[in-house]
Structures are given as structure tokens and as C-alpha cells.
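# Fold the following, please.
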Amino acid sequence: MNDPLANEPRARRLAGFHGERRRDLHPGGVLVALRTAFHCTLTAGRFGPSWSQRLVMAKWVLSGAASMEVDGQRLPFGPGQVAIYLPTIPHRFWADASVNRFCWFTVDGPFAEAFVLELGLRPGIYTIPPPSRQRIKAMTQSLADSSPAGRRQSSLMAMAEWYRLADAVRAPPPSDLVSRVRDLIAQEFADPELSAKDLARRLDCHRGTLSRRFHELTGQTLIAHLTEVRLREAQALLANTDETMAAVARQCGMRDAAYFCRWFRKLTSMTPGSARSAARG
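Below you'll find the predicted structure:
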């Protein structure tokens, strides 16, 4: 299907600075990895799609105007406001004034989305001051160091910003239902029979009600969360053990190694072997 917005002009960067982790560098050694940091001036236009669909983002307008579309609803935001984006929900961004100043940062890694959700943050627009220019500058500079110590330093700065956002929003803790679902998935994800139907049975809930409430409270479907947990386990096993692909597959809830390899590549754009090599440097 053609994108009806494909012919809209794209926002152009006029000035500023940014840092970005190289695309071929796997975020090994950290659970939440800083991916990019920007502080820049842009013309009006839409933002192009990210090359990665697994980024978690916080984007501030410093001057000018912007909007974010989430689930088909276009939400305007301006100076002093931040847009939070999670990859499980389709989104678009626009710079709306003729000249706009923005800052933003993105994170990825095996626990990035789960970390932000656990803080109680959800996609949307919030009135929260941006980080200082010096803070964004430090984040961009940290991305130049791809050593394990450099990755940890970048991770700490990004996580500190997410904590600041959560404190400012004063987000409520996850509900008891969400905690029960997450605890059960964390214990049973290696069971190949685990499904939305099985989760509902074990929690004595109607399947439709459980699926709807979990999605409302977390922004994720039950299966998306189960998939995320299994993927994190697969990445950890590949990075830290010499288990065969068949053994890794079984520990991630899959009976067939070939299916596991296809599943892993679909989610990460890497083969399990390539991911293991990248994680070990």
C-alpha cells in the first residue's frame, strides 16, 4: 500500500550537533543502550522513518512547533513539551513551524522498551523541561566511545533521563494484573505451549478481557511482551554461552532450531550466529 504522506516534504536539518551509534555495532554489554542524541534546527516537514523499528524515543521542541501521530491521532506539542514514542505503536513526527529547534535521544537494547514501560511511561505528549544543551552534548560525545566502558556510560546517561521523565510525570506503578502477567511470562516463557489463551486460563481471566486490559495498561499485546521476553533471553544466551542453536531455541520456547533462526532474523535483521559474533566483539 502506498503511503499517502510520502509526497510531503521532509524536514531538513539546518544546524546543530548529534551523535549516533554505528549501525553495525550491536549494543552488547548493556540492557538499555543509547542509540542517538540530537540537538538541532530543522525546517518544516515530516520526519523520515527510522532505519530501526525498535527505538524508544523522547523528543522535545525547544522552539517552533511539532506534532506526533499515534494510532491515527495527530497530537501537537510545543516548547517545554516532550513526545514519548514506543515502537509497539505506529507513529509519525512533523516539524510544523518554518524553523524549529529540537532535541531528542533514542535507546534500544534488549530491555529498552520494557524499562520505559516499567517506569509507567506511555506514548504521548507531556509538559516536561528538556535536558540541558550540555547534557545532550555529553550524550552525543559518549557515543564516540564504543568500548564496554563507553557503552555503560552512555547507558547510564540515557537511563537517568528516563528516570527524570518518570519522576516528572509521576506515573503510577504498573497494575497488579500487569505484574501478574509479567511474572508468569518471566517464569514460563520457555514453555512452547504458552499463549494468550494459556495465560488467561492460568490467571482465571477471560482471554479477551485480559488481552484488552494488558494492552490498555502497557501499550503492548500479550504476545508482543512474550516475544520480547523470549528475544531478550535468546540474545543473552547467544552473547554469554556456547549453547547450540537447538538448545537456545528450546530455552526460548521453540522446539525447532530452523524456526528459531528465522524468527530471530525477522525480529533483529541478524542471524543468531551474527548476533553472537557481534556481542562478543
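# For the rest of this, base every contact and every neighbour count on C-alpha atoms.
OK.
# Show me the strands in the protein, by range?
Assigned strands in the chain, in chain order: 13-20, 33-46, 56-63, 66-70, 73-77, 81-85, 91-108, 124-127 (criterion: DSSP state E).
# closest to Val248 out of these?
Checking the strands of the chain against Val248 by Cα to Cα gives strand 91-108 as the closest, at 22.3 Å.
# Distance from the chain centre to that closest one, please.
Relative to its parent chain, strand 91-108 has a centroid offset of 16 Å by Cα atoms, centre = their mean, to the nearest Å.
# cool, stretch 197-205 as well?
The answer for stretch 197-205 is 27 Å, by Cα atoms, centre = their mean.
# picking that back up, as CSV, the strands of the chain with mean neighbour count, mean pLDDT and distance to Ser269 would be great.
Shown next, in CSV, are the strands of the chain (neighbours: other Cα atoms under 10 Å; pLDDT from 0 to 100; distance: least, Cα to Cα, whole Å):
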stretch, mean neighbour count, mean pLDDT, distance to Ser269
strand 13-20, 15, 94, 19
strand 33-46, 23, 95, 17
strand 56-63, 22, 94, 18
strand 66-70, 21, 88, 25
strand 73-77, 16, 88, 30
strand 81-85, 23, 92, 21
strand 91-108, 21, 92, 14
strand 124-127, 17, 90, 28
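# need the ones you listed in a markdown table with distance to Arg265, can you?
What follows is these, written out as a markdown table (distance: least, Cα to Cα, whole Å):
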| stretch | distance to Arg265 |
| --- | --- |
| strand 13-20 | 23 |
| strand 33-46 | 20 |
| strand 56-63 | 20 |
| strand 66-70 | 27 |
| strand 73-77 | 32 |
| strand 81-85 | 24 |
| strand 91-108 | 17 |
| strand 124-127 | 30 |
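# Residue ranges in the protein under the pLDDT threshold?
1-6, 49-53, 90, 171-175, 281 (pLDDT under 70).
# So which residues of it form helices?
Secondary structure of the chain (DSSP state H): helices located at 112-118, 133-142, 148-169, 176-188, 196-202, 207-218, 222-240, 245-251, 257-268, 272-279.
# which other helices and strands contact the longest one?
If contacts are counted by 3 or more Cα pairs under 8 Å, 6 or more residues apart in numbering; DSSP states H and E, helix 148-169 sits against strand 33-46, helix 133-142.
# if I pick the residue most central in space within the chain, what's in contact with it?
Nearest residue to the geometric centre of the chain (Cα atoms, centre = their mean): Val56, 3.2 Å. By Cα atoms under 8 Å, 6 or more residues apart in numbering, Val56 lies in contact with 84-87, 106-108, 112-113.
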